[in-house]
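[1] below are the sequence and a predicted model; questions follow.
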Number of protein chains: 2
Amino acid sequence: MPTQTAAQRRQVARIEYDAFLATCPSRQLVDRISDKWVTLVLPALADGPQRYSDLARRIAGVSQKMLTQTLRSLERDGLVTRQVTPSVPVRVDYELTPLGHDLMQLLSAIKHWAELHMDEVLEARATYDGAAR
Amino acid sequence: MPTQTAAQRRQVARIEYDAFLATCPSRQLVDRISDKWVTLVLPALADGPQRYSDLARRIAGVSQKMLTQTLRSLERDGLVTRQVTPSVPVRVDYELTPLGHDLMQLLSAIKHWAELHMDEVLEARATYDGAAR
DNA sequence: CGGAATCCGCGCGGATACTG
DNA sequence: CAGTATCCGCGCGGATTCCG
């Protein structure tokens, strides 16, 4: 008589498996990097320090919630610094750290690649969709 | 007497604004590239053609639904090709196109960067969390 | 100005079952 | 083996409101 049902054994296997994934360092960073807003915020900081409101305007389409959330996680990961100037009204500047500058260059390369090859992708989509119909 | 309430004007502005974003080509590709599974599938194809089941095993953690969905979108965008061998059982191989190979190199660079600097990020997180508490 | 807090819809994505 | 189809939870992220 089995002490576990098949469903229970599957459940246990899944948990151990997830634990293995959690301990894989690169996977954690890949998840963070492959974030919609991260890939837009970092290149936006390429030209030096930016104010919060400037970022919000440049990355048109982002809500303050997502912008703040993204900046906090980037600060936590040591990729950007947050500089508060206690004037009236308050002024907050964000700047890339050396580490963040490294990553920004990689993401900017992808952004540049996207702009270069967008037409080829659009063409491929048209062909694919046309053949299917 | 205004013909629109403030809420209505805001709504109109939002729609025109979204339309502008939709016509921005690079944004569409950035959205596609900054996909959790895309950044894992493309590097997995770096060593040449891979069978569906091989990919499922290498990218441990992906469901068939997500793997299939990701491969379909990559095929549609002209980044991978799908080769069906009608044997018994069926065999399906996926391979990078020249365009996909280009992008794969950029994503592999990011994956490599993540593996290299994961320790620094973990250290920054520990410092950040420690200071906050 | 630069957030924090709250509410909430809906779409991503996992689990399961079935097919050629 | 390589999918397709269906159900469904839950977390992402937008909208709104309030604060220092």
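    Structure received.

[2] tell me the contacts of the residue nearest the centre of chain A?
    The centroid of chain A falls nearest to A:Asp35 when counting by Cα atoms, centre = their mean (2.6 Å). Neighbour list for A:Asp35: A:Thr70, B:Ser34 [criterion: Cβ atoms under 8 Å, 6 or more residues apart in numbering or on different chains]. All C-beta spots, glycine's among them, are computed from the backbone N, C-alpha and C.

[3] next one: A:Ala124
    B:Arg76, B:Asp77, B:Gly78, B:Leu79, B:Leu99.

[4] TSV for those residues, including secondary structure, distance to B:Asp93 and neighbour count?
    Shown next, in TSV, are the contacts of A:Ala124 (DSSP: H, G, I helix; E, B strand; the rest coil; distance: Cβ to Cβ, whole Å; neighbours: other Cβ atoms under 10 Å in any protein chain shown):
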residue	secondary structure	distance to B:Asp93	neighbour count
B:Arg76	helix	17	18
B:Asp77	coil	18	24
B:Gly78	coil	17	20
B:Leu79	coil	15	28
B:Leu99	helix	18	17
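
[5] how close does the closest residue to DNA strand C within chain A sit to A:Ala44?
    Going by Cβ to the nearest atom of the strand, DNA strand C is nearest to A:Ser53 of chain A, at 2.9 Å. For A:Ser53, the distance to A:Ala44 equals 13 Å [Cβ to Cβ, to the nearest Å].

[6] what helix or strand is the residue of chain A closest to DNA strand C on?
    Taking DSSP states H and E as the definition, A:Ser53 sits inside helix A:52-58.

[7] sorry, back to before: which of A:Ser53 and A:Ala44 has more neighbours?
    A:Ala44 (18 against 11; other Cβ atoms under 10 Å in any protein chain shown).

[8] skip the chain neighbours and tell me the closest residue to the more buried one.
    Nearest residue to A:Ala44 in three dimensions, chain neighbours excluded: A:Arg58, at 5.0 Å (Cβ to Cβ, 6 or more residues apart in numbering or on different chains).

[9] contacting residues around the nearest residue to A:Val90 once chain neighbours are set aside?
    Nearest residue to A:Val90 in three dimensions, chain neighbours excluded: A:Val84, at 6.8 Å (Cβ to Cβ, 6+ apart). By Cβ under 8 Å, 6+ apart, the contact list for A:Val84 reads A:Val90, A:Arg91, A:Val92.

[10] near DNA strand D, which residues of chain A show up?
    Within chain A, the positions adjacent to DNA strand D are A:Asp35, A:Lys36, A:Trp37, A:Gly61, A:Val62, A:Ser63, A:Gln64, A:Lys65, A:Met66, A:Pro89, A:Val90 by Cβ under 7 Å from any atom of the strand.
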